[in-house]
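Visitor: Mind folding the following:
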Amino acid sequence: MTFSEPSVKPIAESLSSSTAPSLSLDQSQTLEQPQTAQRPEEVPVQNLGEPYLQVENVHKTFGQFVALRDIHLKVYPGEFVCLLGPSGCGKTTLLRIIAGLEDQTSGRIIQAGRDVSKLPAAKRDFGIVFQSYALFPNLTATQNIAYGLQNAKESKQKIQTRVEELLDLVGLEGFGQKYPAQMSGGQQQRVALARALALSPGLLLLDEPLSALDAQVRVKLRTEISQLQKRLGITTVMVTHDQSEALAMADRAVVMDKGYIAQVGTPRTIYQHPNTPFVANFIGVMNFLHGVVMTSQQVRCGNIVFDVSHNEASPNQAVTVAIRPEDIQVLKPDSLELNLPNIVLAEVQAIEFLGSAYRVTLCPEGDAKEFIAIELSIQEASQVDLSTHSWLKLRFPPEQIRVFAV
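Guide: Modelled structure (predicted):
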């Protein structure tokens, strides 16, 4: 699949162009003022004012199967929220309930201060983009984008102007007469995005919009969608199982597991301060060691004793010690840090080249049974003896260690 055709203008370029279109429908004025929506990374959630979307105590069952368990969630104006989790966690069911495509068993959906819980999808204010694009194959890009506008009985002139604006906005100027079969996957998804924005909805829903695309196209388009969302300031909820998408695009991520919300927070908060081993393991790569608490600041894993900065477990309580591969330091043989706490000698078992770094699997000396993974930059790897069965001195910084009660 080829995405970078010379005539396709990136969304980012469309947004930065001095000729960027002004949206013509009545509601478009709101979309042209993203500066009014403060970003949650910059402003504490409690200071964002009234939420635009509220999910209140939503519960969903399919027969005896519980798909959603008492979900509570607030999404603020202009916010980009990702529903993230493994297959079967309930994220798509929640999105469909928000859209009115699925009825909740109990609970309410409040949008812009209005209870829409019992309204059909056609009566709700949202645009949606699906994983499968869902374009009409017998209609051109222009006709696909214009479909909702025609159903809304807009004038031909307004439809033409709006479609031209949207094609330019998503970087597809000049593609209006092409049919879906004549476009790449990335181009089709741009058309689907333009169609979702055609009626200037208050809420944009994205159901794994990038998962059907090639890896390179996926990374490129996720950046462009994120930039477009910020430009328009439209409140957005996206479903994804791809942690890298959530980390790159979301203002806040909602990590779900088995029908409940495991943690809500900014990508940085969830990555650096996971609440549970599930979240720690699902977001990024994490080392886990089984241990027992000795004191409030010490945990023993096998015959290795770690000093820790954060521990709420009681003495003699079984715990899981967690640390990210990139947080483990590799010390040179002559390092002055060898007298610091948390030094572990470990034997290299496997070396994986990742392009910009190496991921190394090691077996720690002693009776700890778990393997340890670390990541080394090319430069760091050149400064140590990195070969199978070589021994490395590792340091586990106390402030980077997480302790979870078992």
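
Visitor: what's the neighbour count on the closest residue in space to residue 308 that isn't next to it in sequence?
Guide: Leaving aside its sequence neighbours, residue 308 sits nearest to residue 401 (CB to CB, 6 or more residues apart in numbering; 4.8 Å). Glycine gets a C-beta too; all of them are placed from N, C-alpha and C. Number of residues near residue 401 (other CB atoms under 10 Å) recorded here: 23.

Visitor: got the contact list for residue 401?
Guide: The contact partners of residue 401, taken as CB atoms under 8 Å, 6 or more residues apart in numbering, are 299, 306, 308, 309, 310, 321, 322, 323, 342.

Visitor: Give me the outermost residue of this structure relative to its centroid.
Guide: Ranking residues of the chain by C-alpha distance from their mean position (CA atoms, centre = their mean) puts residue 334 at the top, at 41.5 Å.

Visitor: May I have the secondary structure class of that residue?
Guide: coil (DSSP: H, G, I helix; E, B strand; the rest coil).

Visitor: and it, how far is that from residue 364?
Guide: Distance, residue 334 to residue 364, using CB to CB, to the nearest Å: 22 Å.

Visitor: again, but for residue 347
Guide: For residue 347 relative to residue 364 (CB to CB), the value is 8 Å.

Visitor: more neighbours, these two?
Guide: The neighbour count for residue 347 versus residue 364, taken as other CB under 10 Å, is higher for residue 364 (20 against 14).

Visitor: Now the more buried one: closest residue in space, sequence neighbours ignored.
Guide: residue 346 (4.6 Å).

Visitor: Kindly report the same for residue 274.
Guide: residue 280 is the one closest to residue 274 (CB to CB, 6+ apart), at 3.8 Å.

Visitor: same thing with residue 132?
Guide: With CB to CB, 6+ apart, the residue lying closest to residue 132 is residue 212, at 6.7 Å.

Visitor: What does the pLDDT read for the one you found?
Guide: Note on residue 212: pLDDT of 80.

Visitor: swap in residue 7?
Guide: pLDDT at residue 7 comes out at 49.

Visitor: try residue 3
Guide: Confidence for residue 3, expressed as pLDDT, is 37.

Visitor: repeat for residue 43
Guide: Confidence for residue 43, expressed as pLDDT, is 51.

Visitor: Verify the stated contact: residue 282 with residue 241.
Guide: No - using CB atoms under 8 Å, residue 282 is not in contact with residue 241; the gap is 9.6 Å.

Visitor: so how many other residues sit close to the residue nearest to residue 274?
Guide: 24.

Visitor: Would you mind measuring from it to residue 262?
Guide: 10 Å.

Visitor: residues of the helix or strand hosting residue 166 that come out buried?
Guide: Taking DSSP states H and E as the definition, residue 166 sits inside helix 156-169. Neighbour counts over helix 156-169 (16 or more other CB atoms under 10 Å) mark 159, 161, 162, 163, 164, 165, 166, 167, 168, 169 as buried.

Visitor: Check the gap between the second one and residue 146 for me.
Guide: Spelled out, it's residue 161. For residue 161, the distance to residue 146 - CB to CB - is 11 Å.

Visitor: and if you look at residue 115?
Guide: 32 Å.

Visitor: These two: which has the busier surroundings?
Guide: Shown here are residue 115 and residue 146; by other CB under 10 Å, residue 146 has more neighbours (22 against 12).

Visitor: in a helix, that's where that one is, yeah?
Guide: Yes - the assignment for residue 146 is a helix, going by three-state DSSP.

Visitor: who's in contact with it?
Guide: If you count contacts by CB under 8 Å, 6+ apart, then residue 146 has 159, 162, 163, 198 around it.

Visitor: rerun that using 7 Å as the cut-off
Guide: 159, 163 (CB atoms under 7 Å, 6 or more residues apart in numbering).

Visitor: Repeat that for residue 86.
Guide: Here residue 86 is in contact with 241, 282 (criterion: CB under 7 Å, 6+ apart).

Visitor: distance of the spatially most central residue of the chain from residue 349?
Guide: Centroid check for the chain by CA atoms, centre = their mean gives residue 246 as the closest residue, at 0.9 Å. With the distance defined as CB to CB, residue 246 ends up 31 Å from residue 349.

Visitor: again with residue 99
Guide: 48 Å.

Visitor: So between the two, which is more surrounded?
Guide: Taking other CB under 10 Å, residue 99 and residue 349 do not tie; residue 99 has more neighbours (19 against 14).

Visitor: rewinding a little: before we move on, what SS does the residue nearest to residue 274 have?
Guide: Residue 280 is classified as helix under three-state DSSP.

Visitor: close enough to count as contact, it and residue 287?
Guide: No - if you go by CB atoms under 7 Å, residue 280 and residue 287 don't touch, sitting 9.7 Å apart.

Visitor: Need the overlap of contacts for the two.
Guide: Common neighbours of residue 280 and residue 287 (CB under 7 Å, 6+ apart) are residue 322.

Visitor: Beyond the helix or strand of the chain with the lowest mean pLDDT, next helix or strand please.
Guide: Lowest by mean pLDDT, DSSP states H and E among the helices and strands of the chain is helix 28-31, with a mean of 34. Per DSSP H and E, the first helix or strand lying C-terminal to helix 28-31 is strand 53-62.

Visitor: helices or strands next to that following strand in the packing?
Guide: Under the contact criterion of 3 or more CB pairs under 7 Å, 6 or more residues apart in numbering; DSSP states H and E, strand 53-62 touches strand 65-75, helix 91-99, strand 106-111.
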